[in-house]
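Participant: model this:
(4 chains)
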There are 2 protein chains.
Amino acid sequence: MKSEKISELTTNRLSVYLRCLNEIAVAGAKTVSSKALADRFHLNSAQIRKDLAYFGEFGVRGVGYYVEALRNHLTKILGLDRENRVGIIGAGRLGTALADYYGFRKANFTVAALFDADPKKIGKKVGETEVKDIKNFAAVVKQDNIEVAVIAVPAEFAQAALERVEKAGIKAVMNFAPVALKTSNGVKLKSIDLTTSLESLSYFLAQPPKQSSRNVKPKVKDRRE
Amino acid sequence: MKSEKISELTTNRLSVYLRCLNEIAVAGAKTVSSKALADRFHLNSAQIRKDLAYFGEFGVRGVGYYVEALRNHLTKILGLDRENRVGIIGAGRLGTALADYYGFRKANFTVAALFDADPKKIGKKVGETEVKDIKNFAAVVKQDNIEVAVIAVPAEFAQAALERVEKAGIKAVMNFAPVALKTSNGVKLKSIDLTTSLESLSYFLAQPPKQSSRNVKPKVKDRRE
DNA sequence: ACCAAATTGTGAAATATCGCGCAATATGGT
DNA sequence: ACCATATTGCGCGATATTTCACAATTTGGT
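Facilitator: Model prediction:
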């Protein structure tokens, strides 16, 4: 275990490992090796060991990792053992779809409130959650202990939404608007940009087919079984 | 211009640049410098120049880039000047929300069909688009010239969906199921994993606050104005 | 015609990320 | 007790990506 800074690539993979461990636990295995994990996705076993080693020596040489123990460790490391209260800004199609997205619950995220500026939407309920006036954002955040904001508004309003979020003292934000946002220091912003993902796929299709061989993932030298 | 392989990080950025150029074009500027572009997002101007240089010498020294010309180049490079026909697999909440997502149209993607296995959903219409039986996937793909598949089914069915897609000869797939999929050679898979993104945010929140200084983005040394 | 300012394209240096290879160590068989 | 096998943790070299820094070029002012 070292106390270097952890890259986001690593934390993303931790999430994937945990997901996999859950499957393995259901299947009933007691231990699992990094090699076995690596084979499930297309990853290198050394990378898995290295990712885990940032946080401790969880494995046993000659044996592998104890599934239950590693599961508990990863759950704690990722903070999934505590509730994360979420406020979603934007009660449009995306915002309301997210409000009852199962994945939130699975990651121990509770959608505490939805916010919108449209008087026609304010006051309505989406599932269990009431749509509140965005003007009351800061007050609701305090009252409901909201720590995470999700921005699901059109691109032109996203920066303003982010600034309101930051003023309310929130430190973790997930953004779905297709726009580059500027954050203040200490605020963690994670963006999911569907447009960019689509256009990147489009690029692939637009390329002459000879180049398709480039996308063959020549990695994964760990898979000779 | 060199003919190296282009990283996906680069193509993602091209998409962002294009979006920015569109704004600039609306604002009426004729030319733009890499520095001006860099300042809009938190990027390094050299990176922008280098990204563009993979595809040609679009700039003029001492002047910058002609907005209209660069816009046209990027549109072509990303393949946004031709229609991309899409089939969405899974007519659940996500699939139907995607079916009339505005971003698809903007990127010149046309949702040609939705597919599902549930007899209750088959035959219904979502906006303009009819929900078809997944069993007829390959036939519909041929008939409607579908080139891109979007997987919006629960995780446990995603791998099967992908295999069906590949058998139908489709080479570009976007996956929303939170699971690591295995693709055949030559098939481009782009995954958007909300669960992983959430858990990565959760990690940030779970960390002791001393570490928040790590996330200050010490990059962007190009911003001294 | 010349010079200062602006700005590109790009080689080279700096960082970041990944994968190999192996010593260290645990297990199970004999 | 010993040896063969399995498998981790990790140093180190390999790749990938980003950033620097500067010659080359264009523009506009004098």
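Participant: which of the residues in the least confident helix or strand in chain A by mean pLDDT are buried?
Facilitator: The helix or strand of chain A with the poorest confidence is helix A:102-106; it has a mean of 85 (mean pLDDT, DSSP states H and E). Residues A:103-104 are the ones in helix A:102-106 that count as buried (16 or more other C-beta atoms under 10 Å in any protein chain shown). Glycine gets a C-beta too; all of them are placed from N, C-alpha and C.
Participant: And chain A, split by domain according to the record?
Facilitator: Per automatic domain parsing, the domain ranges recorded for chain A read A:8-77, A:84-197.
Participant: longest helix of chain A?
Facilitator: Identified as the longest helix of chain A according to DSSP state H is helix A:8-27.
Participant: Let me know the average pLDDT across that one.
Facilitator: For helix A:8-27, the mean per-residue pLDDT is 96.
Participant: Counting by contacts, list what the least confident helix or strand of chain A packs against.
Facilitator: The elements that helix A:102-106 packs onto, with contact taken as 3 or more C-beta pairs under 8 Å, 6 or more residues apart in numbering or on different chains; DSSP states H and E, are helix B:194-206.
Participant: does DNA strand C sit close to the helix it packs on?
Facilitator: No - Helix B:194-206 stays clear of DNA strand C (C-beta under 7 Å from any atom of the strand), getting no nearer than 12.8 Å.
Participant: Not counting that helix itself, show me its contacts.
Facilitator: Residues lying outside helix B:194-206 but in contact with it, judged by C-beta atoms under 8 Å, 6 or more residues apart in numbering or on different chains, are A:8, A:11-12, A:14-16, A:18-19, A:76-80, A:82, A:84, A:101, A:103-104, A:106-109, A:147-148, A:171-172, A:174, A:188, A:190, A:192, B:176, B:178, B:215.
Participant: on that earlier part again, out of the domains of chain A, which is closest to DNA strand D?
Facilitator: Relative to DNA strand D, the nearest member of these by C-beta to the nearest atom of the strand is domain A:8-77, separated by 2.8 Å.
Participant: ok, the closest one near DNA strand D or not?
Facilitator: Yes - Domain A:8-77 is in contact with DNA strand D by C-beta under 7 Å from any atom of the strand, via A:33-35, A:45-46, A:49-50, A:52-53, A:57-65.
Participant: Which of the residues you listed fall in strands?
Facilitator: Among the residues of domain A:8-77 next to DNA strand D, the members falling in strands (DSSP state E) are A:59-60, A:64-65.
Participant: now, among the residues you listed, which is nearest to residue B:117?
Facilitator: residue A:65 (36.4 Å; C-beta to C-beta).
Participant: which of the contacts of helix B:194-206 are buried?
Facilitator: Buried among the contacts of helix B:194-206 by 16+ other C-beta under 10 Å: A:11-12, A:14-16, A:18-19, A:77-80, A:84, A:101, A:103-104, A:107-109, A:147-148, A:171-172, A:174, A:188, A:190, A:192, B:176, B:178, B:215.
Participant: so where do the helices sit in chain A?
Facilitator: Assigned by DSSP H, chain A shows helices spanning A:8-27, A:34-40, A:45-53, A:67-77, A:93-99, A:102-106, A:137-144, A:155-167, A:194-206.
Participant: Pull the distance from the fourth one to the chain's centre.
Facilitator: In this case it means helix A:67-77. What separates the centre of helix A:67-77 from the centre of its chain is 18 Å, taken as C-alpha atoms, centre = their mean, to the nearest Å.
Participant: so for that helix, what's the average pLDDT?
Facilitator: Mean per-residue pLDDT for helix A:67-77: 97.
Participant: do the same with stretch A:181-195
Facilitator: Average pLDDT, stretch A:181-195: 91.
Participant: Distance check, residue A:70 against DNA strand C.
Facilitator: Counting by C-beta to the nearest atom of the strand, to the nearest Å, the gap from residue A:70 to DNA strand C is 16 Å.
Participant: Hmm, that residue is touching residue A:22, no?
Facilitator: No - with contacts defined as C-beta atoms under 8 Å, residue A:70 does not count as touching residue A:22, sitting 10.8 Å away.
Participant: Looking at the two, which is more packed in?
Facilitator: residue A:70 (23 against 15; other C-beta atoms under 10 Å in any protein chain shown).
Participant: OK, contacts around the nearest residue to the more buried one once chain neighbours are set aside?
Facilitator: Using C-beta to C-beta, 6 or more residues apart in numbering or on different chains and skipping residues adjacent in sequence, the residue nearest residue A:70 is residue A:58, 5.4 Å away. For residue A:58, the contacting residues are A:52, A:65, A:69-70, A:73, by C-beta under 8 Å, 6+ apart.
Participant: quick one, which of the domains of chain A is packed in tightest?
Facilitator: Ranked by mean neighbour count under mean count of other C-beta atoms under 10 Å in any protein chain shown, these are led by domain A:84-197, which reaches a mean of 19.
Participant: hmm, that domain touching DNA strand D?
Facilitator: No - for domain A:84-197, no contact with DNA strand D is found by C-beta under 7 Å from any atom of the strand; the gap never falls below 13.5 Å.
Participant: Kindly state the pLDDT recorded for residue A:214?
Facilitator: For residue A:214, the predicted pLDDT is 39.
Participant: for residue A:206, same thing?
Facilitator: The model reports residue A:206 with a pLDDT of 92.
Participant: burial measure for it, as a count.
Facilitator: By the measure other C-beta under 10 Å, the count of residues near residue A:206 is 16.
Participant: got the phi/psi numbers for the closest residue to residue A:156 other than its chain neighbours?
Facilitator: In space, and not counting its chain neighbours, residue A:156 is closest to residue A:179: 7.9 Å by C-beta to C-beta, 6+ apart. When read as degrees, to the nearest 10, the backbone of residue A:179 gives phi -160, psi 150.
Participant: quick one: strands adjacent to the top strand by length along chain A?
Facilitator: Longest strand in chain A by number of residues (criterion: DSSP E): strand A:109-116. Applying DSSP bridges, strand A:109-116 is found paired with strand A:84-89 (parallel), strand A:129-133 (parallel).
Participant: among the ones you listed, which is nearest DNA strand C?
Facilitator: Of all these, strand A:84-89 sits nearest to DNA strand C, with 24.0 Å by C-beta to the nearest atom of the strand.
Participant: now that closest one, how far from the centre of its chain.
Facilitator: Per C-alpha atoms, centre = their mean, the displacement of strand A:84-89 from the mean C-alpha position of its chain is 14 Å.
Participant: and if you look at stretch A:70-81?
Facilitator: Relative to its chain's centre, stretch A:70-81 lies at 14 Å (C-alpha atoms, centre = their mean).
Participant: quick one: contacts of that stretch?
Facilitator: Residues from elsewhere that reach stretch A:70-81 (C-beta under 8 Å, 6+ apart): A:11, A:14-15, A:17-18, A:21-22, A:25, A:32, A:52, A:55-56, A:58, A:107-108, B:199-200, B:202-203, B:205-207.
Participant: ok, 10 Å please
Facilitator: Under the criterion C-beta atoms under 10 Å, 6 or more residues apart in numbering or on different chains, residues A:6, A:11, A:14-15, A:17-22, A:24-25, A:31-32, A:37, A:52, A:54-56, A:58-59, A:64-66, A:82, A:106-109, B:198-207 lie in contact with stretch A:70-81.
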